[in-house]
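Engineer: For reference, the sequence and a predicted model appear below.
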Amino acid sequence: MTTRPFRLILGSLLLATAAFTLAATRTDPNNVTGSTGLVMIDKRGNLVRFFDPSSMKETGTVDIGGPPHELAISPDHKEAYIPIYGDGVYGANPHPGHVIAVVDLVARKMTGTIDVSPAIAPHGLRVDASGTLYAVCDLSRKLLVIDPKSKTVKASIDTEGTGHWLAVLPDGSKAYTANKQDRLFVSVIDLKARKMTGKIEMPNGTQGIGMSLDGSRVVAADYAEPNIRVIDTAADKVIDVVKLDRVAGGGPFRLQYSPDGTRLLTTTIGVNLLNVFDATNLHGRQLVVPVGRDPFGVAFTKDGKTALVSNHGDGTISVVDVASGTVKSSFTAGTGIETLAYF
């Protein structure tokens, strides 16, 4: 006979297991890490570059037929999606692209393209847990819902702003697009109804945008001031404003959570700093790390102990010990890496 205390303990273990399983299914598939490889998007060098994740030696390159920007990786880590944005930058892109390249991460070669016409200037990319791909096309003011298997656009949704980056909830229910200084709000998109349903006011506009692993919080970088605005995704409201230490002038550029969700890292171009936050207490002590010129992207090793910071302005990568907030080393990689990821 099973005793009542044993049944209570067993019940608690089952509930804990169920809760852990549920939490695992809600983990952001865009918080990519791994130990198989390391991919870097060399925007200034017009190449996709592969590196050995242990030695940091370059192992190969892929030419996707145009300047690569940004990166999304399929949930199974078999494919990378890389937009050809155009030959310019945000606000000055005279010949915008209309293609997203598909790169096989196992074979290290380009296997096809996704034509997003008539939309142009695809930039920020995200996936959901099912593998659906989402792209914001800033000049078209659209968010695209894409089936990467059939390489077709399933929906084109108005965003009312030149969305440059986006965050997508893990279950694929909602998206948030950062409209830079073009529109002083973050666009809220209902991906099931496939329409814009709200605006979250951003007094100075929005630079980068990130998301906690469970999707409960979106963090948006203030475009003009050194602040992070924290959005509750249940209410779609700003619930906190966090100031960056030792950053003057403009706001941070990118925001990236660690694989376990305990740290939030921001890069700020111009001042060339990486700020490391305790994600459980954003108003706690920050570690401020001088890195290379114009830091853009952040990639975490699988154990979360080391972060790579791509210094777009000088063609280097800073290797940062996250716990101590110190640069352990740096190395040259391409000409100007926009973003990068372990997989």
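Structural biologist: Nice, I can see it.
Engineer: Confidence-wise, which helix or strand of the protein is lowest on average?
Structural biologist: helix 4-25 (a mean of 40; mean pLDDT, DSSP states H and E).
Engineer: Tell me which helix or strand comes right after that one.
Structural biologist: strand 38-42 (DSSP states H and E).
Engineer: give the contact list for Gly112.
Structural biologist: 101-102, 151 (Cβ atoms under 8 Å, 6 or more residues apart in numbering). For glycine as for every other residue, the C-beta is placed from the backbone atoms N, C-alpha and C.
Engineer: What separation do you get for Tyr176 and Lys57?
Structural biologist: 37 Å (Cβ to Cβ, to the nearest Å).
Engineer: Of these two, which one has the most company?
Structural biologist: Taking neighbours as other Cβ atoms under 10 Å, Tyr176 and Lys57 compare with Tyr176 leading, 26 against 8.
Engineer: what is that one paired to in the beta sheet?
Structural biologist: With DSSP bridges as the criterion, Tyr176 is bridged to Ala167, Val188.
Engineer: who's in contact with it?
Structural biologist: Per Cβ under 8 Å, 6+ apart, neighbours of Tyr176: 166-168, 186-189, 200, 209, 211, 218, 220, 231, 233.
Engineer: try Ile114
Structural biologist: Contacts of Ile114 (Cβ under 8 Å, 6+ apart): 81, 99-100, 102, 133, 146, 148, 151-153.
Engineer: By neighbours, which of the residues you listed wins?
Structural biologist: Ile100 (27 neighbours).
Engineer: quick one: secondary structure of it?
Structural biologist: Following DSSP: H, G, I helix; E, B strand; the rest coil, we place Ile100 in the strand state.
Engineer: Tell me the confidence at it?
Structural biologist: Looking at Ile100, its pLDDT is 98.
Engineer: cool, and the one 10 residues further on?
Structural biologist: In the prediction, the pLDDT value recorded for Met110 is 98.
Engineer: So it versus Gly65, what's the distance?
Structural biologist: Distance from Met110 to Gly65, by Cβ to Cβ: 8 Å.
Engineer: before we move on, the earlier item: just name the closest of the contacts of Gly112 to Asn30, please.
Structural biologist: Comparing the contacts of Gly112 against Asn30 with Cβ to Cβ places Val102 closest, at 17.0 Å.
Engineer: now Asp240, what's its secondary structure?
Structural biologist: Once three-state DSSP is applied, Asp240 turns out strand.
Engineer: I figured it was touching Val230, is that so?
Structural biologist: Yes - Asp240 lies in contact with Val230 (Cβ atoms under 8 Å); the separation is 4.0 Å.
Engineer: With neighbour numbers in mind, choose between the two.
Structural biologist: Set Asp240 next to Val230 and count neighbours by other Cβ under 10 Å: Val230 wins out with 17 against 13.
Engineer: tell me how far the strand or helix carrying the more buried one is from the chain's mean position?
Structural biologist: Applying DSSP H and E as the criterion places Val230 in strand 227-232. In terms of Cα atoms, centre = their mean, to the nearest Å, the centre of strand 227-232 is found 16 Å from the chain centre.
Engineer: ditto for stretch 46-62
Structural biologist: 20 Å.
Engineer: Can you give me the first-to-last residue distance of it?
Structural biologist: End-to-end distance of stretch 46-62 (Cα to Cα, to the nearest Å): 9 Å.
Engineer: do stretch 269-280 as well
Structural biologist: Stretch 269-280 end-to-end distance (Cα to Cα) = 25 Å.
Engineer: Make 166 the starting number, not 1.
Structural biologist: Okay, residue one is now 166; in that scheme the one you just asked about reads as stretch 434-445.
Engineer: So which bits of that stretch are buried?
Structural biologist: Of the residues in stretch 434-445, 434, 436-442, 444 count as buried by neighbour count, 16 or more other Cβ atoms under 10 Å.
Engineer: Nearest to Gly202 among the residues you listed?
Structural biologist: Nearest to Gly202 among the buried residues of stretch 434-445, with distances taken as Cβ to Cβ, is Leu439, at 23.2 Å.
Engineer: hang on, that closest one is in a helix, isn't it?
Structural biologist: No - going by three-state DSSP, the assignment for Leu439 is strand, not a helix.
Engineer: neighbours around the residue nearest to it when sequence neighbours are not counted, how many?
Structural biologist: Excluding its sequence neighbours, the residue lying closest to Leu439 (Cβ to Cβ, 6 or more residues apart in numbering) is Val454, at 4.2 Å. Here the number of neighbours of Val454 (other Cβ under 10 Å) works out to 23.
Engineer: Low-confidence bits of the stretch 216-365 of the chain, can you list those?
Structural biologist: Low-confidence segments of the stretch 216-365 of the chain (pLDDT under 70): none present.
Engineer: in it, which spans are strands?
Structural biologist: 223-227, 237-238, 244-251, 261-269, 274-280, 287-292, 298-302, 307-312, 317-323, 330-333, 339-343, 350-355, 360-366 (DSSP state E, counting those that start in this stretch).
Engineer: burial measure for Asp280, as a count.
Structural biologist: 12.
Engineer: How about Lys364?
Structural biologist: 16.
Engineer: Now for the nearest residue to it once chain neighbours are set aside: which residues touch it?
Structural biologist: Among residues not flanking Lys364 along the chain, Phe350 sits closest, at 3.9 Å (Cβ to Cβ, 6+ apart). Counting by Cβ under 8 Å, 6+ apart, Phe350 touches 326, 344, 364-367.
Engineer: Against Gly435, how distant is Phe350?
Structural biologist: Taken as Cβ to Cβ, the span from Phe350 to Gly435 is 24 Å.
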